[in-house]
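**Q** Requesting a structural model of the entry that follows:
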Amino acid sequence: MSGAGGIPGLQAEEDVNVDHRTPEDLAPPSAELRARELAALLARSHNIPADVHRLPSGKIVISVYYGLVARLDDACRFWWIVPVSEDRDRPLWTSAATPVAAAIRIAAHYRELRARPLVHLIRGGYLLADVLLEHHEAAAPV
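**A** Modelled structure (predicted):
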């Protein structure tokens, strides 16, 4: 029996076990909606621009400012790194369950970061590029 294009031994493309999922298929729609809700709240209520990005894995991240990138976990909870402060000598992971709570807290961290010289943030911050690099290193074959 001939397969695709009449060539014996070849299967038609629809018969081949190929994963045709796109990053949009991997993240639950609710994750992207919650991320976009957070970005809209930051813009509308706090005058803070934020971009929503989908990683190749399908995970969603929200880029707010240098050193301020939020992620959504599988339960659609927001996570981000709180900047180093006078009271704390190292970054701290924190989270919020709702876009409203995340927006309020992220806005406070944003104001804190904006008060610092940008060069210090770039040298010591956690950037969207860092998130992407971590993702690719974790997904890279060994």
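**Q** and Ala35, what element?
**A** Using DSSP states H and E, Ala35 sits within helix 29-46.
**Q** Mind checking what helix or strand follows that helix in sequence?
**A** Following helix 29-46 in sequence, per DSSP H and E, is strand 51-54.
**Q** Direction included, what does that next one pair up with?
**A** strand 60-65 (antiparallel) (DSSP bridges).
**Q** Format the CA atom coordinates belonging to the partner strand as PDB.
**A** What follows is strand 60-65, C-alpha atoms only, in PDB (Å, rounded to 0.1, in the frame of the first residue of the first chain):
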ATOM      1  CA  ILE A  60       2.900  33.600  30.700                       C
ATOM      2  CA  VAL A  61       5.100  36.400  32.100                       C
ATOM      3  CA  ILE A  62       4.300  40.100  32.600                       C
ATOM      4  CA  SER A  63       7.200  42.500  32.100                       C
ATOM      5  CA  VAL A  64       6.800  45.600  34.200                       C
ATOM      6  CA  TYR A  65      10.100  47.300  34.600                       C
END
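**Q** pLDDT of it, averaged?
**A** Here strand 60-65 scores 91 as its mean pLDDT.
**Q** Run through who's touching it.
**A** By Cβ atoms under 8 Å, 6 or more residues apart in numbering, the surrounding residues in contact with strand 60-65 are 27, 31-32, 35, 38-39, 42, 48-55, 69-72, 78, 80, 106, 110, 113-114, 121, 128, 131. Where you see a C-beta, it was placed from the backbone N, CA and C, and this is true even at glycine.
**Q** which of these are buried?
**A** For the contacts of strand 60-65, a burial check counting by 16 or more other Cβ atoms under 10 Å picks out 27, 31-32, 35, 38-39, 42, 48, 50, 52, 54-55, 69-72, 78, 80, 106, 110, 113, 121, 128, 131.
**Q** what does stretch 72-87 contact?
**A** By Cβ under 8 Å, 6+ apart, stretch 72-87 touches 28, 30-31, 34-35, 38, 59-62, 64, 67-71, 88, 90-97, 99, 102, 106, 109, 112-113, 116, 124-126.
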